[in-house]
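Undergrad: Show me the folded form of this:
(one chain, ligands or ions: 1)
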Amino acid sequence: MKPPLLLHICCAPDEAWVVSTLKEAHSLHCFFCNPNISPESEYRLRLAEAQRVALHYNVPFTADSYDPVSWETAIAPVAATPEGGERCRRCYDLRLRRSARFCAEIGFPAFTTVMSISPHKRITMLNEAGEAAAAAFKVKYCPFDFKKKDGFKNSIALSRELGLYRQDYCGCRLSRDERDERLRLKAVQ
Ligand code: SF4
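TA: Numbers count the residues shown, from 1 in each chain. So this is what the prediction gives:
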């Protein structure tokens, strides 16, 4: 029997690559937990694409409830920090704690997150959040680094092949504002 592993999913492109690489070795369950995503229409779009990937690979899929207030509350004291800073730490903490709780609820021994595939995510911060969440709910966190072995490049290629939507900002309203500012500066250069 393959060892069970809960996968925290942030978006379909990252999910597709990780599921395709782990599905032979693990009995996977995908968990979409992203109260950070704004606006809600973007959340619904990313959720629908993530569900499509799970269906494609025939992997069980669960979505957490959409609860943007929990994200706003968690990051409020550090909302002024830039992407990659303290607000992201709190965002990881929130999503991985919920994932660890769900992992324990369904009786899985271990979980991980597909977020490590992104070169924009700080792996140390991600792993610290995962370990703390795992300890709180008495499950194991598996600290994969999916960007290794060209993971990010391969995920782009696979998402093109599957015709998946690829977002151009991390997810929260602040990262969307940062994306808008980058585009504005580029336009005036
Ligand atoms: S930039 Fe990404 S990781 Fe950081 S707070 Fe926003 S959604 Fe979360």
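
Undergrad: interface residues of the chain facing the ligand?
TA: Within the chain, the positions adjacent to the ligand are 36, 83, 87-88, 91, 170-172, 174-175 by CB under 6 Å from any ligand atom. Bear in mind the C-beta positions are built from the backbone N, C-alpha and C, glycine included.

Undergrad: Looking at those residues, which has the smallest pLDDT value?
TA: Note: of the residues of the chain next to the ligand, the lowest pLDDT belongs to E83, at 90.

Undergrad: From the residues of the chain next to the ligand, pick the one nearest T112.
TA: Nearest to T112 among these, counting by CB to CB, is C91 at 16.9 Å.

Undergrad: Name the nearest residue to that closest one, ignoring sequence neighbours.
TA: Closest residue to C91 apart from its sequence neighbours, by CB to CB, 6 or more residues apart in numbering: N36 at 5.2 Å.

Undergrad: Just the buried residues of the residues of the chain next to the ligand.
TA: 36, 83, 87-88, 91, 170-172, 174-175 (16 or more other CB atoms under 10 Å).

Undergrad: Dump those residues to a markdown table, plus distance to F108 and secondary structure.
TA: Shown next, in a markdown table, are those (distance: CB to CB, whole Å; DSSP: H, G, I helix; E, B strand; the rest coil):
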| residue | distance to F108 | secondary structure |
| --- | --- | --- |
| N36 | 23 | coil |
| E83 | 30 | coil |
| R87 | 29 | helix |
| C88 | 25 | helix |
| C91 | 23 | helix |
| C170 | 27 | coil |
| G171 | 25 | coil |
| C172 | 27 | coil |
| L174 | 32 | helix |
| S175 | 30 | helix |
